[in-house]
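> Pasting the sequence and the predicted coordinates here, then a few questions.
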Amino acid sequence: MIGNSPPINYIPIFIFIAVSLAFGIGTLVLSYFVQVRVNDPEKLSTYECGSEPISDARNPFPARYYIIAMLFVIFDVEVAFLYPWAVVFNKIGLFGLIEMIIFIALFLVAYVYAWKKGGLEWD
Amino acid sequence: MELGITILVTVLQIAAVLGVVLTHVAYLTYAERKILSDMQDRLGPMEVGPHGLLQPLADGLKLFFKEDIIPAGANKIIFSAAPILVLVPALIGFAVVPFGRDSLQIGAIEITPYITDINIGLLYILAFSSLGAYGILLGGWASNSKYSLLGGLRSAAQVISYELPLGLALVGPILLSESLSLTDMTVAQGGGIWRWFIVSQPVAFVIYMICAIAETNRLPFDLPEAESELVAGFFTEYSGMRFSFFFLAEYANMILVSCIAVVAFLGGWQAPLPALEFIPPIVWFLAKVYFLLFFYIWLRATVPRLRFDQLMAFGWKVMLPIALVNVLLTSIVKYFLNQWAEK
Amino acid sequence: MAAQLLFFYFGGVTIAGAIVAVTSRNIVYSALSLLVAFIHIAGIYVLLNAEFIAAVQILVYAGAILVLYLFVLMLFNPSEEKLYLHKQAKVGIFLGVVVLFMMLFAGYKTEIIGKGGPLTAQAVKEMGHTRVIGNALFTDYLFPFEVASLILLVAMFGAIVLAGRGVHRKKGPAGRIDLSYRDKLPKKSSETPEEVIVGR
């Protein structure tokens, strides 16, 4: 099944990803060998405006970030549905238009609900 | 044998594109400093070379030879991987950007003005640029510094929030060109400036530009690295080459989003008037990209920074609904125009 | 031949990434190896000419869902896990084996292999995968599509309800700064004025 029509267009992309990864890692490794390293505990300590760092930096942070990420996942899936629709828009005509209006209406319901419930607030 | 030659040509193309992009990144930093200093009535870099022209080279060399510090509490593996995770998505987007119209024919070998043309070009760029959030988030977390963690979180939240209206704004041009391929999109805008999608999609263009600035963490949306409150944001603890990767990625992203804006809204390599077609397409393409980049720098010199809650509210409560309504209106108008054209 | 090699590369890395994801002691490493696995799954889709699915795989799974995971992981401040395998591991392995056999059985029963509709890999490639998906989704599979949007709506309600506690957090009086952390700080020299410790 795979051999019938190989995705030739994508081979440059595979190569490009490999080349840029190699560029990134290669530069870091090269730089590692030419740089001068003098370690001392003060230099390696975490920056905190010059004072002694207090406690671990990885404190729990507000749940708000988590809510935003959750809303993002849901809306992202909805937006992903719009691309195939936009590409075949002329072919599917009125039918497709009405379908998408319903879809976007539901999207808006979800959006308004999230807004009303304070999911979009940031205090 | 033929496959070998094709792959060789591809590799050379990739090397050329990477070289051009990285040179542009270097000189974009120079241009930014020069333009900013001009706007602020000072000289900017003047020491290295005539008018400071060799400054980017000196900066690059300095960063290359500088010590890469891994702070004591950091997670070494993730701390080292994060800059690469930011840089790679910023670079590979250029694989599908069509820089010009004509292919170069040398004997039997055809060199196209793009590395490859895939059916989902735009989606490919969007997909990989959404991975940029990882490097920021992980870099901030791995540093084990409060500034870095806060900056990384803020930055990631900002990047994902503005990705939605950005994706929605691009649905407009996709509707009009009926393709996700950047080449098809450019061809669909041929024939003059009035055919460019900026004319029929001005709202989408404005949304795209604003979101693109937010996505690249540029002023006035550079909260994650707000110097006055978070020192340097998620790369506070980074130094040397790893620091320069974050820098490289930011500027490469700037160029990439400008390229997409040019292709999706400003006609790509098309000349604004048929009479001006004697100028090579690649010149038009570069001119438009340079204009947008100048616009970015201009904004930086002009607009003050937003507050973080304003920034998030703006993305979710203003940009998202406008982008959504724009998609709806565009599709309805397009449907009726199609009906009208058939009669 | 080259396609086969690529398939084994993508498949192998996907499996390796998935294994690291469930066995790693550090959950941030798990998330990273899951990212690697997701990207390589997209590679397998590309080999099947399913380019749209490949892009959505990266856009949604790698670019959105895994970012959510990372946020959650960081919210709970992960430290190195002491346990290599949890108590739930037995249940997980059992369920995994059951699902694997169900999938193998379904594949065996439905004769996917060898059966071809009008949309062969060749046809999909000529037409463009996004177009094929769009045509199918907005004509034949109209109902599932609208149901999908309803499911997303329900997911949104669920997300907001789940997050309810965070959303309705009580706000303190404006401008009041919580200074209770000062009691937890180690006492330094008594001469230090308190204003210096607090900030402004």
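Yep, it's here.
> Let's see the distance spanning stretch B:47-54 from one end to the other.
This stretch, stretch B:47-54, spans 9 Å end to end (Cα to Cα, to the nearest Å).
> before we move on, what about stretch B:139-155?
Start-to-end span of stretch B:139-155 (Cα to Cα) is 11 Å.
> Flag the shaky bits of chain C, pLDDT-wise.
C:1, C:77-86, C:111-117, C:121, C:164-200 (pLDDT under 70).
> mind redoing it with 90?
Under the criterion pLDDT under 90, the flagged ranges of chain C are C:1-7, C:20-32, C:45-52, C:62-64, C:67-93, C:103-200.
> Near whichever residue of it sits closest to chain B, how many other residues are there?
With Cβ to the nearest Cβ, the shortest gap between chain C and chain B falls at residue C:63, namely 2.9 Å. (C-beta placed from N, C-alpha, C; glycine too.) Residues lying near residue C:63 (other Cβ atoms under 10 Å in any protein chain shown) number 29.
> Leaving out sequence neighbours, find the closest residue to it.
Closest residue to residue C:63 apart from its sequence neighbours, by Cβ to Cβ, 6 or more residues apart in numbering or on different chains: residue B:130 at 2.9 Å.
> ditto for residue B:24
Spatial nearest neighbour of residue B:24, chain neighbours left out: residue B:255 (5.8 Å); criterion: Cβ to Cβ, 6+ apart.
> Starting from residue B:93, give me the distance back to the one you found.
Using Cβ to Cβ, to the nearest Å, residue B:255 is found at 9 Å from residue B:93.
> Same question for residue C:14.
Distance from residue C:14 to residue B:93, by Cβ to Cβ: 23 Å.
> quick one, which of the two is more surrounded?
For residue C:14 versus residue B:93, neighbours defined as other Cβ under 10 Å are more numerous around residue B:93 (26 against 19).
> my guess is that one contacts residue B:129, does it?
Yes: counting by Cβ atoms under 8 Å, residue B:129 is a contact partner of residue B:93 at 6.3 Å.
> so for the helix or strand harbouring residue B:29, what's the average pLDDT?
For residue B:29, the enclosing helix or strand under DSSP states H and E is helix B:2-39. What helix B:2-39 shows for mean pLDDT is 87.
> go on, stretch B:77-94?
The pLDDT scores in stretch B:77-94 average 89.
> Quick check: can you list the domain ranges of chain C?
Using automatic domain parsing, the domains assigned to chain C come out as C:1-82, C:111-165.
> all helices for chain C, in order.
Here chain C has its helices, by DSSP state H, at C:2-23, C:27-47, C:51-56, C:66-75, C:88-110, C:121-127, C:129-135, C:142-162, C:164-167, C:181-184, C:194-198.
> if we compare the ones you listed, which one ends up closest to residue B:57?
helix C:27-47 (34.2 Å; Cβ to Cβ).
> Grab the CA positions of that closest one and hand them over as PDB.
The C-alpha trace of helix C:27-47 is given here as PDB (Å, rounded to 0.1, in the frame of the first residue of the first chain):
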ATOM      1  CA  ILE C  27       6.900  13.100  33.900                       C
ATOM      2  CA  VAL C  28       8.300  16.000  31.900                       C
ATOM      3  CA  TYR C  29      10.500  13.500  30.000                       C
ATOM      4  CA  SER C  30       7.300  11.400  29.500                       C
ATOM      5  CA  ALA C  31       5.600  14.500  27.900                       C
ATOM      6  CA  LEU C  32       8.600  15.100  25.700                       C
ATOM      7  CA  SER C  33       8.800  11.500  24.500                       C
ATOM      8  CA  LEU C  34       5.100  11.600  23.800                       C
ATOM      9  CA  LEU C  35       5.800  14.700  21.700                       C
ATOM     10  CA  VAL C  36       8.300  12.700  19.700                       C
ATOM     11  CA  ALA C  37       5.800   9.900  19.300                       C
ATOM     12  CA  PHE C  38       3.100  12.200  18.100                       C
ATOM     13  CA  ILE C  39       5.300  13.800  15.500                       C
ATOM     14  CA  HIS C  40       6.400  10.400  14.200                       C
ATOM     15  CA  ILE C  41       2.800   9.300  14.000                       C
ATOM     16  CA  ALA C  42       2.300  12.300  11.700                       C
ATOM     17  CA  GLY C  43       5.100  10.900   9.600                       C
ATOM     18  CA  ILE C  44       3.300   7.600   9.200                       C
ATOM     19  CA  TYR C  45       0.200   9.500   8.000                       C
ATOM     20  CA  VAL C  46       2.300  11.300   5.500                       C
ATOM     21  CA  LEU C  47       3.500   8.000   4.100                       C
END
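> angle of it against helix C:66-75?
Angle between the axes of helix C:27-47 and helix C:66-75 is 180 degrees (criterion: axes from the mean of the first three to the mean of the last three Cα atoms, to 10 degrees).
> elements contacting helix C:27-47?
helix B:76-92, helix B:132-142, helix C:2-23, helix C:51-56, helix C:66-75 (3 or more Cβ pairs under 8 Å, 6 or more residues apart in numbering or on different chains; DSSP states H and E).
> Name the residues of the third one that are buried.
Yep, that's helix C:2-23 we're talking about. C:3, C:6-7, C:10, C:13-14, C:17-18, C:20-21 (16 or more other Cβ atoms under 10 Å in any protein chain shown).
> Show me where chain B has its helices.
B:2-39, B:55-65, B:76-92, B:121-129, B:132-142, B:146-177, B:182-188, B:197-200, B:202-215, B:227-230, B:240-265, B:281-302, B:308-313, B:320-342.
> Packing partners of the first one?
It refers to helix B:2-39. Counting by 3+ Cβ pairs under 8 Å, 6+ apart, helix B:2-39 packs on helix A:11-34, helix B:55-65, strand B:109-111, helix B:240-265, helix B:281-302.
> Check whether the helix or strand containing residue A:65 comes near chain C.
Per DSSP H and E, residue A:65 falls inside helix A:64-87. Yes: if you take Cβ under 8 Å from any Cβ of the partner chain as the test, helix A:64-87 does meet chain C, through A:64-67, A:69-74, A:76-78, A:80-81, A:83-85, A:87.
> what angle separates that helix from helix C:66-75?
Using the same axes, to 10 degrees: helix A:64-87 against helix C:66-75 is 180 degrees.
> what's the next secondary structure element after helix A:64-87?
Heading C-terminal from helix A:64-87 (DSSP H and E), you reach helix A:89-116.
> Distance from the chain centre to that following helix, please.
How far helix A:89-116 lies from its chain's middle: 24 Å, per Cα atoms, centre = their mean, to the nearest Å.
> What of stretch C:47-59?
Averaging C-alpha positions (Cα atoms, centre = their mean) puts stretch C:47-59 16 Å from its chain's average.
> So which residues make contact with that stretch?
Outside stretch C:47-59, the residues that touch it by Cβ atoms under 8 Å, 6 or more residues apart in numbering or on different chains are A:1-2, A:5-7, A:10, A:76, A:80, A:83-84, B:118-120, B:123-124, B:126-128, B:130-131, C:3, C:6-7, C:10, C:38-39, C:41-43, C:45-46, C:121, C:124-125, C:129-130, C:133.
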